[in-house]
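Visitor: My questions are about this predicted structure, shown below with the sequence.
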Amino acid sequence: MLPLNHLNRSLPALVHMPKAPATFGIPRSTIYRAAGEGHIEIKKIGRSAYVVSESVLAFIAGLPKATIRPDRSRAA
């Protein structure tokens, strides 16, 4: 897995909001919720909203690691 600073170099500083879910792999509603909670920064330029890439990468880095449990229904 590449470090997040590598991804930061390949992303634009701002991502237009309609493209943000596909760019970051996060649903639009999650982006807006995280922005409302102060975790992701959104900038306005004219009437358009742009997501600050660095803030999304920091948000992702701060998410807890998932714990995957084995599927018990397939136990032999």
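Guide: Everything's here; your move. Residues are numbered from 1 along each chain as shown.
Visitor: so where do the strands sit in the protein?
Guide: Secondary structure of the chain (DSSP state E): strands at 14-16, 42-45, 48-52.
Visitor: Please tabulate those in JSON lines and include mean neighbour count as additional columns.
Guide: C-beta here means a position set from N, CA and C on the backbone, and glycine is covered the same way. Output for those, formatted as JSON lines (neighbours: other Cβ atoms under 10 Å):
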{"stretch": "strand 14-16", "mean neighbour count": "17"}
{"stretch": "strand 42-45", "mean neighbour count": "12"}
{"stretch": "strand 48-52", "mean neighbour count": "18"}
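Visitor: Nearest to Ile60, out of those strands?
Guide: Ranking these by proximity to Ile60 (Cβ to Cβ) places strand 48-52 first, at 12.2 Å.
Visitor: Low-confidence stretches in this protein?
Guide: 1-9, 74-76 (pLDDT under 70).
Visitor: Do a quick rundown of the helices in it.
Guide: Applying DSSP state H to the chain gives helices spanning 4-10, 20-24, 28-36, 53-61.
Visitor: what angle sits between the third one and strand 48-52?
Guide: Pointing back at helix 28-36 there. Using axes from the mean of the first three to the mean of the last three Cα atoms, to 10 degrees, the inter-axis angle of helix 28-36 relative to strand 48-52 is 70 degrees.
Visitor: Could you tell me which residues within helix 28-36 count as buried?
Guide: Applying a neighbour-count criterion of 16 or more other Cβ atoms under 10 Å, the buried positions in helix 28-36 are Ile31, Tyr32, Ala34, Ala35.
Visitor: Kindly report the same for stretch 16-30.
Guide: Neighbour counts over stretch 16-30 (16+ other Cβ under 10 Å) mark Met17, Ala20, Pro21, Phe24, Ile26 as buried.
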